[in-house]
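S.K.: how does the following fold in three dimensions:
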Amino acid sequence: MKLMTNLFSIFEPSSSILVLPLNWASTFLGVVFLPCFFWVSSSRWLILWSKVTQILYKEFKTILGFSNKGLSFIFVSLFSFILFNNFLGLLPYIFTSSSHLTMTLTLALPLWLTFILFGWMNHSQHMFSHLVPQGTPSVLMPFMVLIETISNIIRPGTLAIRLAANMIAGHLLLTLLGNMGPFLPSSLIPFLISSQILLLLLEAAVAIIQSYVFAILSTLYASEVN
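M.R.: Numbers count the residues shown, from 1 in each chain. Reported below is the predicted structural model:
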């Protein structure tokens, strides 16, 4: 029990002034990078980031259709916000807010609830048709309605848990390997460091992939209400 407590303590927002938890302030560290966009001459990183956001915007716009152009900006911003938090969490002494269901569910639930309410209020017949896939036998229709309803209800939970679980898993593995260092002979330390570097590169890839998965799945859910 003590070992598990020590492992999960890296995710606990314990630093605070009075009752204000300071660790959650890392969620807004992405604002620090905003002034870089106002330079007259853009750096290579800003040019690369601009191209990435343009590609994402075109992809989200294609999924949503021509009637929802403005929503594409929301999902590009969502991708950017999650990506910044995932990458900042890989740096030492920075709290990973995207590894907590408090944050991930706060992102997923309002989006899902907005799409559902908008769909049922404006496209009720279309929403009903989604509950029964085309070609379903009459006998299976009640079961399909039940299954589709449950799958729609659990969508925000699956979005939130997927992101949080993937971020927690990598950080725990890095912590476990790091705690092995004092107990290993000096001849194995280079292998431990090499494995840590490789795992850190893998975590960087996971940070990008999970940001994209969260944004693209939210886009697909939004496209179903039209």
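S.K.: hmm, W112 is touching E224, no?
M.R.: No. Using C-beta atoms under 8 Å, W112 is not in contact with E224, being 11.0 Å away. Quick note: C-beta positions are derived from backbone N, CA and C, even for glycine.
S.K.: who's more crowded, these two?
M.R.: W112 (21 against 14; other C-beta atoms under 10 Å).
S.K.: now the strands for this protein?
M.R.: For the chain, strands defined by DSSP state E occupy the ranges 16-17, 20-21.
S.K.: ok, of those, where does mean pLDDT dip lowest?
M.R.: Summarising mean pLDDT across these, the least confident stretch is strand 16-17, with a mean of 54.
S.K.: output the contacting helices and strands for the longest helix seen in the chain.
M.R.: Scanning the chain for the longest helix, with DSSP state H as the assignment, gives helix 189-223. With contacts defined as 3 or more C-beta pairs under 8 Å, 6 or more residues apart in numbering; DSSP states H and E, the packing partners of helix 189-223 are helix 44-64, helix 69-88, helix 101-122, helix 155-179.
S.K.: make CSV out of the ones you listed and add distance to A25 and mean pLDDT.
M.R.: Compiled in CSV, these are given as follows (distance: least, C-beta to C-beta, whole Å; pLDDT from 0 to 100):
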stretch, distance to A25, mean pLDDT
helix 44-64, 23, 87
helix 69-88, 11, 86
helix 101-122, 13, 86
helix 155-179, 18, 85
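S.K.: nearest to A207, of the ones you listed?
M.R.: For these, the distance to A207 is smallest for helix 69-88, at 3.4 Å, taking C-beta to C-beta.
S.K.: buried residues, the closest one. List them.
M.R.: Buried residues in helix 69-88, defined by neighbour count with 16 or more other C-beta atoms under 10 Å: 71-72, 74-76, 78-88.
S.K.: repeat that for stretch 26-34.
M.R.: Using 16+ other C-beta under 10 Å as the test for burial, stretch 26-34 gives 26-27, 30.
S.K.: tell me the one of these nearest I208?
M.R.: G30 (15.0 Å).
S.K.: these two touch, right, that closest one and F84?
M.R.: Yes. Distance between G30 and F84: 3.7 Å, which falls inside the contact criterion (C-beta under 8 Å).
S.K.: and the helices and strands packed on helix 189-223 as CSV, adding distance to V213?
M.R.: Conversion of the helices and strands packed on helix 189-223 to CSV gives the following (distance: least, C-beta to C-beta, whole Å):
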stretch, distance to V213
helix 44-64, 13
helix 69-88, 10
helix 101-122, 12
helix 155-179, 7
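S.K.: show me what contacts the residue lying closest to Y212 once chain neighbours are set aside?
M.R.: Beyond its immediate neighbours in the sequence, the residue positioned closest to Y212 (C-beta to C-beta, 6 or more residues apart in numbering) is F79, lying 6.5 Å away. Taking C-beta atoms under 8 Å, 6 or more residues apart in numbering as the contact definition, F79 lies against 56, 211-212, 214-215.
S.K.: buried subset of the residues you listed?
M.R.: In the contacts of F79, burial by neighbour count holds for 56, 211, 214-215, counting by 16+ other C-beta under 10 Å.
S.K.: and of the residues you listed, the nearest to I150?
M.R.: Taking C-beta to C-beta as the measure, I150 lies nearest F214 of the buried ones among the contacts of F79, at 21.1 Å.
S.K.: what sits against the closest one?
M.R.: Listed by C-beta under 8 Å, 6+ apart, the contact set of F214 reads 78-79, 82, 107-108, 159, 162-163.
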